[in-house]
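Peer 1: sequence and predicted structure below; questions after.
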Amino acid sequence: MSEIKKIDSNETITEITIHNGVVYLAGQVPDNDDLDIIGQTREVLNNIDKALAKAGTDKSKLLTAQVFIKDLKDFEQFNDEYAAWMTGITPPTRATIQANLVNPNWLVEIVVTAAI
């Protein structure tokens, strides 16, 4: 059986799980919930980059992404930031869902899975 490695865990969540050469990230959210959709998206994508690096991989190895967006009126601006982040990379599969997020000031949360 393959080892399961967990990074940055507490009593309720693990931020990064690695198993069989696949990295699973917990939902990544903005650090500053006072920002608009562009600022929050940039922070979330930056947090994904940092977490993937901690796991020994990067966004070029993304397998799938699940985007939770609070208001679909922000979708175009979100998508512009996401596309810029993906420049030079074939994007992964993706689902985008409108959702009320745990913190009512969060405008976006993203969950990704990547290969090592």
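Peer 2: Perfect, thanks for sending it. Just so we're clear, the structure is a prediction, and the values are computed from it rather than from any experiment.

Peer 1: any stretches of the protein with poor pLDDT?
Peer 2: 1 (pLDDT under 70).

Peer 1: mind doing that once more with 90?
Peer 2: Applying pLDDT under 90 to the chain picks out residues 1-2.

Peer 1: helices of that one, residue ranges please.
Peer 2: Secondary structure of the chain (DSSP state H): helices located at 37-54, 75-85.

Peer 1: among those, which is the most enclosed?
Peer 2: Across the helices of the chain, averaging neighbours per residue (mean count of other Cβ atoms under 10 Å) puts helix 37-54 on top, at a mean of 18. For every residue, glycine as well, the C-beta is placed using N, CA and C.

Peer 1: and that one with helix 75-85, angle?
Peer 2: Counting by axes from the mean of the first three to the mean of the last three Cα atoms, to 10 degrees, helix 37-54 lies at 40 degrees to helix 75-85.

Peer 1: who does helix 37-54 touch, helix- and strand-wise?
Peer 2: Contacts defined by 3 or more Cβ pairs under 8 Å, 6 or more residues apart in numbering; DSSP states H and E place helix 37-54 against strand 14-19, strand 22-25, helix 75-85, strand 108-115.

Peer 1: got these as a markdown table, with distance to residue 51 columns?
Peer 2: Shown next, in a markdown table, are the helices and strands packed on helix 37-54 (distance: least, Cβ to Cβ, whole Å):
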| stretch | distance to residue 51 |
| --- | --- |
| strand 14-19 | 6 |
| strand 22-25 | 5 |
| helix 75-85 | 14 |
| strand 108-115 | 9 |
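
Peer 1: of all those, which lies closest to residue 63?
Peer 2: Closest approach to residue 63 among these (Cβ to Cβ): strand 108-115, 4.8 Å.

Peer 1: the closest residue to residue 96 other than its chain neighbours - how many residues pack around it?
Peer 2: Nearest non-adjacent residue to residue 96, counting by Cβ to Cβ, 6 or more residues apart in numbering: residue 67, 4.4 Å away. If you count neighbours by other Cβ atoms under 10 Å, residue 67 ends up with 21.
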